[in-house]
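# Task: produce atomic coordinates for the following.
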Amino acid sequence: MADVILNHLSAANLFDLGGVIVVITGGGTGIGLMIATTLVANGATVYIIGPKQADLDKIAKVYNDAAHKISSKGRIYGLEGDVRQKSEAIRLAQEIGKREKYITALFNNAGIAGTSSTYGAPEEPTAASFIKKYFDPVSQADFNNVLNTNAVGPYWLTFAFLPLLEAWKNSAQSNLAAAKFVPQIIMTSSMNGWTKDSATSGRSWPYMYSKSAIGHATSSLAHELLPLGIRVNGIAPGWFQTEMTAPGTQDAVGLSHYGPEEAAIEFNVPAIPTGGTNRDMGALALFLIANWFINGETILIDGGTLLKHPSSY
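A predicted model of the protein is given here:
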């Protein structure tokens, strides 16, 4: 009996994602790719959604070839789509529904920071200085684009994919993987959804607004979806090396690179040499997929940044 329990609780069993089907928006770069590659390494089928099919196909081939070499059954498939649009959410769900009978998890991960090069701290404590830094440089279009990508799109996608998530739950009696993993929606928020110090977000108020919205929506949607047995949880990353924080530095395998000293100065992160890594984010994604008992929570993964800066987390 004890040997059965130990086998059941082994990492190889807990995190064997054979049969698991996952959709990740923004899955071709940054945090989305960290999640996607971890799940594929453990046997999952992962659909990554992004703005350009060619880019998605390129990164999918890199990791599918690698998965074949290590005999992993996991695979990545790319789908071009605009996550800001309700019509696109419907189309993407229909497209995946043509290929799969159900999905296990939807990661609403896609996010943008906006035109961060225009942001900066006021130079003096005057209304004119605050307007110069926080109001004049921010266009209506940029603010709307950030909100629609980071906060509105996840709403459309959540409901568009509910039928496929419900189908996973209903297949549990005939599907061994569905009996092992329960359906879930996972939102990528940010430590900046709770920060009181705009320096941690590079002074991007549109970004902070959007991440505050998705942070609260996570718990609200979790409550709303209780009757369906579909959980909603969140991830709130601190500073990770991604295309958002280090634009133009992505290498052939999708990893971005940024000097830790520069990060400490620009983002006011604690003295952690690398910031968050793909191992850190991947381990959290595995944990959330495997766990049945967490619902309505957002997990902060920031290396202690909000221990240093004031927040409401």
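
# Could you list the low-confidence segments of the chain?
116-118, 242-274 (pLDDT under 70).

# Next up, the contacts around the most centrally placed residue in it.
Using CA atoms, centre = their mean, the residue of the chain that lies closest to the mean C-alpha position is residue 109, 3.0 Å off. Applying CB atoms under 8 Å, 6 or more residues apart in numbering, we find residue 109 in contact with 24-27, 31-32, 35, 186-188. Quick note: C-beta positions are derived from backbone N, CA and C, even for glycine.

# how about the helices in the stretch 1-150 of the chain?
2-8, 11-14, 30-41, 53-69, 86-99, 127-134, 140-147 (DSSP state H, counting those that start in this stretch).

# And stretch 144-152, end to end?
10 Å (CA to CA, to the nearest Å).

# how distant is it from the center of its chain?
Counting by CA atoms, centre = their mean, to the nearest Å, stretch 144-152 is centred 14 Å from the centre of its parent chain.

# just stretch 88-101 next, same as before
That offset, for stretch 88-101, works out to 19 Å (CA atoms, centre = their mean).

# now stretch 52-62
That offset, for stretch 52-62, works out to 18 Å (CA atoms, centre = their mean).

# can you pull the buried residues of stretch 1-15?
14-15 (16 or more other CB atoms under 10 Å).

# And stretch 32-39, by the same measure?
32-39.

# coming back round to it: so which of the contacts of residue 109 sit within strands?
Among those, the residues falling in strands (DSSP state E) are 24-25, 186-188.

# These: which two are farthest apart?
Using CB to CB, the two most remote members of the ones in strands among the contacts of residue 109 are 24 and 187, lying 11.8 Å apart.

# Tell me which of the helices of the stretch 1-150 of the chain sits most buried.
helix 30-41 (a mean of 26; mean count of other CB atoms under 10 Å).

# how much does that one deviate in direction from helix 53-69?
Per axes from the mean of the first three to the mean of the last three CA atoms, to 10 degrees, the angle that helix 30-41 makes with helix 53-69 is 30 degrees.

# what's helix 30-41 packed up against?
Using 3 or more CB pairs under 8 Å, 6 or more residues apart in numbering; DSSP states H and E, the elements in contact with helix 30-41 are strand 21-25, strand 45-50, helix 53-69, strand 75-80, helix 278-290.

# So which of the ones you listed is nearest residue 206?
strand 21-25 (18.6 Å).

# Give the partner strands of that closest one in its sheet and their orientations.
strand 45-50 (parallel), strand 105-108 (parallel) (DSSP bridges).

# hang on, the earlier thing: biggest separation within the contacts of residue 109, which pair?
27 and 187 (14.2 Å).

# circling back to that earlier point, just put the helices and strands packed on helix 30-41 in a markdown table and tack on distance to residue 125.
Below are the helices and strands packed on helix 30-41 laid out as a markdown table (distance: least, CB to CB, whole Å):
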| stretch | distance to residue 125 |
| --- | --- |
| strand 21-25 | 40 |
| strand 45-50 | 42 |
| helix 53-69 | 44 |
| strand 75-80 | 47 |
| helix 278-290 | 38 |
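
# Tell me which of these lies nearest to residue 169.
If we rank the helices and strands packed on helix 30-41 by CB to CB, the stretch that ends up nearest is strand 21-25, at 12.9 Å.

# in stretch 279-298, what counts as buried?
280-282, 284-286, 288-290, 295-296, 298.

# could those be laid out in JSON lines, adding distance to residue 148?
Formatted as JSON lines, these follow (distance: CB to CB, whole Å):
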{"residue": "280", "distance to residue 148": "29"}
{"residue": "281", "distance to residue 148": "24"}
{"residue": "282", "distance to residue 148": "28"}
{"residue": "284", "distance to residue 148": "26"}
{"residue": "285", "distance to residue 148": "25"}
{"residue": "286", "distance to residue 148": "30"}
{"residue": "288", "distance to residue 148": "25"}
{"residue": "289", "distance to residue 148": "27"}
{"residue": "290", "distance to residue 148": "32"}
{"residue": "295", "distance to residue 148": "27"}
{"residue": "296", "distance to residue 148": "24"}
{"residue": "298", "distance to residue 148": "21"}
